[in-house]
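K.L.:
What would the 3D arrangement of this be:
(chains A, B, C and D)
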Number of protein chains: 2
Amino acid sequence: MSARPTIRDVAREAGVSIATVSRALNAKDDVSVQTRERVRAAARELGYAVDPAARALGAQRTQLVAVVVGDNAGPRDLSLIFFGKVLAAISRRLGQSGYEPLLLSERDDTTHRFDAAIVIGIDEDDPLIGDLAQRHVPLVGVDVRCPVPNAAFVGSDHPGGMRLALAHLHALGHRRIAHITGATNTKAGAERLAEFRLEVERLGLELRDDYVRDGDFSSASGYRETAELLALAEPPTAIVAASDLMALAALQAIWESGRQPGRDVAVVGFDDLEAAALAHPPLTTIRQDRQELGMLAATAALELAEQPDATPRDAVVPVELVVRASTRRDG
Amino acid sequence: MSARPTIRDVAREAGVSIATVSRALNAKDDVSVQTRERVRAAARELGYAVDPAARALGAQRTQLVAVVVGDNAGPRDLSLIFFGKVLAAISRRLGQSGYEPLLLSERDDTTHRFDAAIVIGIDEDDPLIGDLAQRHVPLVGVDVRCPVPNAAFVGSDHPGGMRLALAHLHALGHRRIAHITGATNTKAGAERLAEFRLEVERLGLELRDDYVRDGDFSSASGYRETAELLALAEPPTAIVAASDLMALAALQAIWESGRQPGRDVAVVGFDDLEAAALAHPPLTTIRQDRQELGMLAATAALELAEQPDATPRDAVVPVELVVRASTRRDG
DNA sequence: TTGTAAGCGTTATCAG
DNA sequence: CTGATAACGCTTACAA
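P.N.:
This is a model prediction of the structure:
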């Protein structure tokens, strides 16, 4: 029994034409309130729901938002550690407006059509961005500034985060502060590094080349560079790592050198992953509001999907210093 | 310029009818090889790609697989910590076959249509499962046994994992072993608990009620229950936690009690999250092959999508004991 | 405010 | 093996 009811069934039930049903259900303003209510009642009665495929074909909109999670912040699965929460928030926000996220692989043949796309963790010069722009897909970059017109941007306040970290350490009396960078082909990595340099000068500290170490967000690089730092003739008393994963690895390297993190070397991370609070000692870190990031990205995508000519506005999400024992002398 | 080419353009270019184009492109067997090649060439030439909406309307298949990540393993965002990697693998595998994952929220109005669904981290009696089954959507459960006919199952070997953990600890000489359970409304939580009981008996150890503590996978519960265990008159010498998050929290509680994890109390986790190796001491754990889990789930979904009457087969993915310092006396 | 009817781009049926 | 042609279910001018 029960083939899915179509718009025609609803029309019959409500005693109107299918065009009217369509209008009523899509909340067009040119339907009388009465008819609209009657139609809606009929639809509810029959358990009718628009067929998205038919709608897509007829109206050229799919109610789908593509989400592309690249891997410039670590291999793709690692990126999902960071972005999982963002993804969840995106999904939630889109759902509220009757949209749904389509999870795209970066090198997908991208067969499906969608009304907007959110890109995360990909490079600014990724050809994907050009492709999408050319197809007139409204774009939202999360921590990615898409170099095309009409793309929205949502990102964390990375420079602000670095300032918070350095101010905190400086206030604790640290003067020899090192930075293990993230991948500098990402906005997060590049901005944190740039601000580190500026702020170190601003604080009147010496900007030593050997205190700026190339990492790539991965724990492996964090471990490696920390070991190098500790081996210096004059090791730093504090390390700011551009990711929690690197910071956790730093703690490990510090323990293994016979020192005690917090007491002997202070460590600050970035992100506030779940594991940060569970570290030993618990990790001081710059928390990013991943929930808010996702919410804003989704909202921007919806706006652009519904009026592609709207001028996309940038959103910079504040970050927060979370102080834990890894920067405490009595750690 | 350049409206997307349609099947008609390809037909014209190749000098055949649109019906033939459709057949050729869909690899039907009733097209001559020559025509097929000619059509394909024309399609490539024009940069033609099927419009998925039109296809969905005509053929009743969307090339979409819904992925529902519930939150019975922690709030939704937390679940993504575990399942992010699974998700990535699903996405990759689906992409290979021209399908794409649609990320559904559990309480979504599920407007979109899809050819199969993969459910993760939801309860077996979640109404969603019934809904989907009724709509004749082929189902694949990851660590969820869907109580409907024709649903495939993919899961880790939880009992095997527990046996590995206990055998390891027993071999190290531990006799007072406790378990902090996961949420027992999940297969992972329930099976690990059940096997813990069986195996403790099998090893000839005493099965003490106060050594079986109710957790829910979250770090908070891990911390709480570990503290309780340490406060016992006769605390255990080893703890098996049903998740790494709980195990990491256990390490913390142990440190804070003035004991040293590994030396004084051994800890084994489950999952092998990225953070496990970065803990202090690094965490011994039962690694789940999340990549394989996702791959198998996607493969099962594809099979069912393409022939819904195929008998779904169960897949149990082996787990692996990863020994690190948290079970080493010299930890 | 509402109805009629022409697409939207495929797939599938049925002749040929 | 190939070609017409009728669905598929909806949106949207255009008319009324």
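K.L.:
Show me where the stretch 51-200 of chain A has its helices.
P.N.:
Along the stretch 51-200 of chain A, counting by DSSP state H, counting those that start in this stretch, helices occupy A:52-59, A:76-96, A:127-134, A:158-171, A:187-202.
K.L.:
Mind listing what's buried along the first one?
P.N.:
Meaning helix A:52-59. A:Pro52, A:Ala53, A:Arg55, A:Ala56, A:Leu57 (16 or more other CB atoms under 10 Å in any protein chain shown). Quick note: C-beta positions are derived from backbone N, CA and C, even for glycine.
K.L.:
from the residues you listed, which are also near chain B?
P.N.:
Under the cut-off given by CB under 8 Å from any CB of the partner chain, chain B has A:Pro52, A:Ala53, A:Ala56, A:Leu57 from the buried residues of helix A:52-59 close to it.
K.L.:
Serialize these to CSV and add fields for distance to B:Leu251 and pLDDT.
P.N.:
Listed next are those as CSV, based on distance: CB to CB, whole Å; pLDDT from 0 to 100:
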residue, distance to B:Leu251, pLDDT
A:Pro52, 48, 90
A:Ala53, 51, 91
A:Ala56, 51, 91
A:Leu57, 56, 90
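K.L.:
tell me which of the buried residues of helix A:52-59 is nearest to A:Asn185?
P.N.:
Ranked by distance to A:Asn185 (CB to CB), those are led by A:Ala56 at 35.8 Å.
K.L.:
quick one, the strand or helix carrying A:Ala11 and helix A:52-59 angle?
P.N.:
Element membership for A:Ala11, per DSSP states H and E: helix A:7-14. Interaxial angle, helix A:7-14 versus helix A:52-59 (axes from the mean of the first three to the mean of the last three CA atoms, to 10 degrees): 90 degrees.
K.L.:
Report all helices and strands that helix A:7-14 contacts.
P.N.:
The criterion is 3 or more CB pairs under 8 Å, 6 or more residues apart in numbering or on different chains; DSSP states H and E, and the helices and strands that helix A:7-14 contacts are helix A:18-25, helix A:33-46.
K.L.:
hang on, A:Met295 packs against A:Gly95?
P.N.:
No: here A:Met295 lies out of contact with A:Gly95, judged by CB atoms under 8 Å, at a distance of 11.9 Å.
K.L.:
Could you list the low-pLDDT ranges of the stretch 51-200 of chain A?
P.N.:
Scanning the stretch 51-200 of chain A for pLDDT under 70 picks out the ranges A:74-78, A:107-110.
K.L.:
Contact residues of it facing DNA strand D?
P.N.:
For the stretch 51-200 of chain A, the residues in contact with DNA strand D (CB under 7 Å from any atom of the strand) are A:Asp51, A:Ala54, A:Arg55, A:Leu57, A:Gly58, A:Ala59.
K.L.:
circling back to that earlier point, could the helices and strands packed on helix A:7-14 be laid out in a markdown table, adding mean neighbour count, distance to A:Ala178 and mean pLDDT?
P.N.:
As requested, the helices and strands packed on helix A:7-14 are exported to a markdown table (neighbours: other CB atoms under 10 Å in any protein chain shown; distance: least, CB to CB, whole Å; pLDDT from 0 to 100):
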| stretch | mean neighbour count | distance to A:Ala178 | mean pLDDT |
| --- | --- | --- | --- |
| helix A:18-25 | 20 | 61 | 91 |
| helix A:33-46 | 16 | 63 | 90 |
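K.L.:
Any chance of TSV for these, columns distance to B:Arg197?
P.N.:
Shown next, in TSV, are the helices and strands packed on helix A:7-14 (distance: least, CB to CB, whole Å):
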stretch	distance to B:Arg197
helix A:18-25	55
helix A:33-46	50
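K.L.:
now these as JSON lines including distance to DNA strand C?
P.N.:
Shown next, in JSON lines, are the helices and strands packed on helix A:7-14 (distance: least, CB to the nearest atom of the strand, whole Å):
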{"stretch": "helix A:18-25", "distance to DNA strand C": "3"}
{"stretch": "helix A:33-46", "distance to DNA strand C": "4"}
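K.L.:
ok, A:Ala310 - how many residues close by?
P.N.:
14 (other CB atoms under 10 Å in any protein chain shown).
K.L.:
So it lies in a strand, does it not?
P.N.:
No: counting by DSSP: H, G, I helix; E, B strand; the rest coil, A:Ala310 is not part of a strand but coil.
K.L.:
Tell me the spacing between it and A:Ala301.
P.N.:
The spacing between A:Ala310 and A:Ala301, counted by CB to CB, to the nearest Å, is 11 Å.
K.L.:
Also A:Pro281?
P.N.:
For A:Pro281, the distance to A:Ala301 - CB to CB - is 40 Å.
K.L.:
who has more neighbours, these two?
P.N.:
When neighbours are counted by other CB under 10 Å, A:Ala301 comes out ahead of the other of A:Pro281 and A:Ala301, with 30 against 22.
K.L.:
Hmm, A:Pro138 and that one touching each other?
P.N.:
Yes: counting by CB under 8 Å, A:Ala301 touches A:Pro138, with 7.0 Å between them.
K.L.:
list the residues that contact both of these two?
P.N.:
A:Ala116, A:Ala117, A:Ala152 (CB atoms under 8 Å, 6 or more residues apart in numbering or on different chains).
K.L.:
Please report which of those residues has the highest neighbour count.
P.N.:
Result: A:Ala117 is most packed of these (other CB under 10 Å), 29 neighbours.
K.L.:
secondary structure element for A:Ala266?
P.N.:
Counting by DSSP H and E, A:Ala266 is part of strand A:266-271.
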